[in-house]
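>>> coordinates for the following, if possible.
(one chain, ligands or ions: 1)
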Amino acid sequence: MNAKGFFAAPVRDPKTAIQTHRVPAEAPWSGLVKRGQSIRIIDLEGQQAVDTLFYSAADFADRYSSQDTVRVQGAAYVTTGTRLISNEGHLMGVVTADTCGRHDTSAGACSCESNTARFGQHTRYLHACRENFVYEVTKHGMSKRDIVPNINFFMNVPIAPNGELAIVDGVSKPGDYVEIRAEMDLLCVISNCPQINNPCNGFNPTPIEVLIFAGDEG
Ligand SMILES: [Zn+2]
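Okay, the predicted model is just below:
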């Protein structure tokens with residue numbers, strides 16, 4: 001059995017979820033996922049980038065590290081079998097299902113500043129993932145200094161042989177999902193990306209759904 005097979009999740013019936021949350025287009029969300037539970041993020045209409053952060057629920061200073069995750073797994077993308085590693089080297093979660101096959105953790109989250117630099121001063125007023133993240137983490141007593149490089153679920157960021165990143169059309173189909181089993185009690189913070197200036201959302205932000213399933217042990 002290879003590593004991917006070992007970590008493959010059972011195909012769960014969405015009706016068995018213990019929580020279901022619909023996150024509107026462009027909106028943030030956060031919630032707790034206990035150790036052993038799984039969180040499924042569904043791209044309801046396809047081609048939607050879902051910017052995501054994880055924090056240890058016991059200690060918010062222990063949080064998702066894109067750098068350590070890429071280093072430990074020796075691969076640039078997040079997919080089935082990827083171990084999500086914290087800045088303190090702890091295993092936060094394991095990706096147990098992925099029907100899309102392309103999730104970036106290098107390109108970061110959009111902000112008013114990056115929008116202005118990339119797309120022009122006239123885009124400065126636009127709502128961005130950084131505002132979503134700041135809004136959401138303040139509910140948990142954190143501030144913008146606690147926002148670190150994130151995962152962009154469903155975002156298609158090819159890496160050229162010379163190391164350059166490109167943000168191109170998303171490849172996720174309506175209903176594609178990714179599932180992560182929590183290996184510690186997690187706070188999950190999502191920005192359902194409002195980006196309309198690059199093709200990561202097909203220039204059309206759409207709603208997503210978040211399901212939480214009980215642990216295998218019950
Ligand atoms: Zn964004």
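>>> measure the residue most central in space within the chain to the ion for me?
The centroid of the chain falls nearest to residue 52 when counting by Cα atoms, centre = their mean (3.1 Å). Distance, residue 52 to the ion, by Cβ to the ion, to the nearest Å: 11 Å. Any C-beta I mention is one placed from the backbone N, CA and C, and that applies to glycine too.
>>> go on, residue 208?
13 Å.
>>> quick one on the thing from earlier: the residue nearest to the centre of the chain touches residue 33, doesn't it?
No - applying Cβ atoms under 8 Å as the test, residue 52 and residue 33 come out as separate, 11.4 Å apart.
>>> check what pLDDT residue 165 gets.
The score at residue 165 is 89. That number is its pLDDT.
>>> and it, what is it in contact with?
106, 107, 157, 158, 159 (Cβ atoms under 8 Å, 6 or more residues apart in numbering).
>>> before we move on, what SS does the second one have?
Put simply, residue 107 is coil when judged by DSSP: H, G, I helix; E, B strand; the rest coil.
>>> how about it: what's its closest non-neighbour residue?
Nearest residue to residue 107 in three dimensions, chain neighbours excluded: residue 157, at 4.7 Å (Cβ to Cβ, 6 or more residues apart in numbering).
>>> I'd guess the one you found is in a helix, am I close?
No - assignment of residue 157 by three-state DSSP gives coil, placing it outside any helix.
>>> for it, give its distance to the ion.
12 Å.
>>> check residue 134 too.
13 Å.
>>> helix, strand or coil for that residue?
Residue 134 ends up helix, using three-state DSSP.
>>> returning to that earlier point: what do residue 52 and residue 33 both touch?
Shared contacts of residue 52 and residue 33, counting by Cβ under 8 Å, 6+ apart, come down to residue 188.
>>> follow-up on the earlier one: what's the local residue count around the residue nearest to residue 107?
20 (other Cβ atoms under 10 Å).
>>> ok, it - contacts?
Taking Cβ under 8 Å, 6+ apart, we find residue 157 in contact with 104, 106, 107, 165, 166, 167, 168.
>>> hmm, back to that, closest to the ion among the contacts of residue 165?
The nearest member of the contacts of residue 165 to the ion, counting by Cβ to the ion, is residue 107 at 9.5 Å.
>>> number of nearby residues for that closest one?
Residues lying near residue 107 (other Cβ under 10 Å) number 22.
>>> any idea how far residue 21 is from it?
Distance from residue 107 to residue 21, counting by Cβ to Cβ, to the nearest Å: 25 Å.
>>> which residues are in contact with residue 185?
Residue 185 neighbours (Cβ under 8 Å, 6+ apart): 32, 33, 34, 35, 56, 57, 58.
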